[in-house]
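Trainee: Structure for the following, please:
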Amino acid sequence: MKDVVCMVETPKNSNAKYNYDPGLGGLVVAKYLPLGFVFPYDFGFIPGTMGQDGDPLDVIVIAEQGSFPGSFLKCRVIGAIKAVQRELDGLIIENDRFLVVPENSKVFANLTRAVQLPDDILAELQYFFSCYSQIEGKDFEPLKVISAKDAVKAIATAKNNMEPIRKIEIFVPLSDDNGKPFPAYLYRNVKRKLIKDFGGVTAYTQAPAEGVWSDEDQKEIKDRIIVYEVMVAEIDRDYWASFRQHLEQQFDQKQLIIRQSTVGLL
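Mentor: Numbering: from 1, shown residues only. All right, here's what the predicted structure looks like:
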C-alpha cells in the first residue's frame, strides 16, 4: 500500500487542539476541549495536499501510542471516513478523515485495510468527530468508510490540487522539406497515443500554425504545423525525450519542438 508522510498536530489523549501555522513555522493552541474529552489517536494532516475546504487532508494515525505535536510519520493508507460538514455559514463541504498506520508500528503491523479495524473503533471515531464538530457549532456527517485504494486516489487528487499544471505543446509539421504532405495516419497515431497516455488531447488542426525560422545560410524557412496540447501535473523528461525521438523519426525531422509551460486553472 502506498506510503504518505503525515504531520501530527494534536497527539493522542490530548485535551488541547493544535493547529500548524505556516506563517509562524510552528504549532499554536487552537482551543481546549471540554473536560474529559480527548483525541483518541494522533490527529494531523498530509502535507502538500488540499481538500475541498482549502486545508490539507486530515489524518487519523492508528498506532499503539501517541507521538508529539510537530512529528512527521511515514504511514501507509488503510482507508478513509468519507464525510460532509455543514459550516457555520450553512455551506456543506467534504471533510474526510484519512486513516493511516505508521510504518514502524508493531501492534498494527498487519493492518492494511480499514475493514480490519473493529467496528467499535470505526463507530467511535465517527462519533468523536461528530461531537467535536458540534462543539464548534458545525454538523459533521459520516457517510461511509472507503477502501485503501480509493483513499490513495483521493490523496493523489488532493496533491494535484496543490501542484501547478504544466501545459505540454508538441509542434508537428504538415509536410516534409519538399512540401509533400505526411500521411494522415501519422497524425491519428499521435492523437491516439496522447489520449491513451494522458486521458485527453487538444489538437489545433483547423487553422494550422506557421513556424518561421532561419537556416544556416540565414534563409527564412516557413513551415505549417499542427500543435498538440496536453495538461500534466508532473514532467516525465524520459518519456518526452523518447516521444520526441519517435516523432522525429516518423516525420523525418532533425529537431522537433516539444515545450512545456506552467499554467493555472480557474
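Trainee: which ones are touching residue 126?
Mentor: By CB atoms under 8 Å, 6 or more residues apart in numbering, the contact set of residue 126 is 81, 83, 142. In this view, the C-beta of every residue, glycine as well, is placed from N, C-alpha and C.
Trainee: can you map out the strands along the stretch 101-250 of the chain?
Mentor: Shown for the stretch 101-250 of the chain, the strands assigned by DSSP state E, counting those that start in this stretch span residues 139-146, 165-173, 202-214, 220-232.
Trainee: State whether residue 176 and residue 224 are indeed in contact, as I suppose.
Mentor: No: Residue 176 is beyond contact range of residue 224, at 11.6 Å (criterion: CB atoms under 8 Å).
Trainee: buried residues in stretch 157-166?
Mentor: Within stretch 157-166, the residues that count as buried by 16 or more other CB atoms under 10 Å are 158, 159.
Trainee: Oops, could you answer that again for stretch 6-14 instead?
Mentor: Buried residues in stretch 6-14 (16+ other CB under 10 Å): 6, 7, 8, 9, 10, 11, 12, 14.
Trainee: re earlier: tabulate the contacts of residue 126 (TSV), appending distance to residue 158 and pLDDT.
Mentor: Below are those laid out as TSV (distance: CB to CB, whole Å; pLDDT from 0 to 100):
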residue	distance to residue 158	pLDDT
81	15	96
83	15	94
142	19	93
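Trainee: who wins for neighbours among those?
Mentor: residue 81 (23 neighbours; other CB atoms under 10 Å).
Trainee: Enumerate every residue touching that residue.
Mentor: Residues near residue 81 by CB under 8 Å, 6+ apart: 60, 96, 97, 99, 122, 125, 126, 129, 142, 144, 145.
Trainee: If we ignore the residues flanking it in sequence, what's nearest it?
Mentor: Spatial nearest neighbour of residue 81, excluding adjacent residues (CB to CB, 6 or more residues apart in numbering): residue 97 at 4.4 Å.
Trainee: List the beta-bridge partners for the one you found.
Mentor: residue 58, residue 81 (DSSP bridges).
Trainee: In terms of pLDDT, where does it sit?
Mentor: According to the prediction, residue 97 has pLDDT 96.
Trainee: my guess is it meets residue 59, correct?
Mentor: Yes: using CB under 8 Å, residue 97 is in contact with residue 59, at 7.3 Å.
Trainee: the more surrounded of these two?
Mentor: Taking other CB under 10 Å, residue 97 and residue 59 do not tie; residue 59 has more neighbours (28 against 21).
Trainee: Now for the more buried one: which residues touch it?
Mentor: Residue 59 neighbours (CB under 8 Å, 6+ apart): 4, 6, 43, 44, 45, 46, 75, 97, 98, 99, 100.
Trainee: farthest-separated two in the residues you listed?
Mentor: The largest separation in the contacts of residue 59, counting by CB to CB, is between 4 and 43 at 14.9 Å.
Trainee: excluding its backbone neighbours, what's nearest residue 130?
Mentor: Nearest in space to residue 130, with sequence neighbours left out and distances taken as CB to CB, 6+ apart, is residue 140 at 4.8 Å.
Trainee: Let me know how buried the one you found is, in neighbour terms.
Mentor: Residues contacting residue 140 under the criterion other CB under 10 Å number 21.
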